[in-house]
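K.L.:
Dropping a prediction and its sequence here:
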Amino acid sequence: MPVDELDTRILRLLLEQPRTSVREYARILGVARGTLQARLDRLEREGVITGTAPALSPAALGHPVLAFVHIEVTQGHLDEVGDALAAVPEIVEAFSITGGGDLLARVVARDNAHLEDVVQKLISMPGVVRTRTEVALRERVSHRMLPLVESIGRTARG
């Protein structure tokens, strides 16, 4: 199990109160600051905590259109296309996948015309065979980690 009950409590606090100090976290949890810092260091070292950047809203940044673009790639060119995707600022995530396509990109755009421009840029990349775009209408479940952390915490308590 990657985390124990104290780790779960720490992660919950990080998710619920991300701007709190380590000293305050330690006080809330009733543990020594050194203990908390050691746990945080271990969770970062083990890759459980992967960053501390703020969550940003593409819509509030002027990019309210969200689409998922399936990208089919010429065999043997996955790495090159993946590297090229990293150069497109409107691609906020991309994954190698199984099923219909080789890559799945999460794309944000100012409007549908801008989305079309981004997709055309993708289609013109060497190694891209075809794309299929799905536009998101409404977010039903926001990106979240707390339910997973709580589930792992229940398992850790046994």
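P.N.:
Received, thanks. Residues are numbered from 1 along each chain as shown.

K.L.:
Quickly find the element holding Glu116.
P.N.:
Per DSSP states H and E, Glu116 falls inside helix 112-123.

K.L.:
Excluding its own residues, what touches the helix or strand just after that helix? List them.
P.N.:
Next along the chain after helix 112-123, taking DSSP H and E as the criterion, comes strand 128-135. Defining contact as C-beta atoms under 8 Å, 6 or more residues apart in numbering, one finds that strand 128-135 is touched by 65-74, 81, 100-101, 107, 112, 115, 119, 122-123. For the C-beta atoms, the positions are set from N, CA and C on the backbone; glycine is no exception.

K.L.:
go with 6 Å
P.N.:
Contacting residues not belonging to strand 128-135 are listed as Ala67, Phe68, Val69, His70, Ile71, Glu72, Thr74, Val81, Val119, Leu122, Ile123 [C-beta atoms under 6 Å, 6 or more residues apart in numbering].

K.L.:
what about Thr133, distance to Arg157?
P.N.:
According to C-beta to C-beta, to the nearest Å, Thr133 stands 44 Å off from Arg157.

K.L.:
Neighbour count for those two, which is higher?
P.N.:
Ranked by neighbour count (other C-beta atoms under 10 Å), Thr133 and Arg157 place Thr133 first, with 16 against 9.

K.L.:
now the more buried one, which residues is it bridged with?
P.N.:
Beta bridges link Thr133 to Val69, judged by DSSP bridges.

K.L.:
on that earlier part again, give the buried residues for the helix holding Glu116.
P.N.:
Applying a neighbour-count criterion of 16 or more other C-beta atoms under 10 Å, one finds His114, Leu115, Val118, Val119, Leu122 buried in helix 112-123.

K.L.:
Can you tell me which of those lies closest to Arg140?
P.N.:
Set against Arg140, the nearest of the buried residues of helix 112-123 by C-beta to C-beta is Leu115 (20.3 Å).
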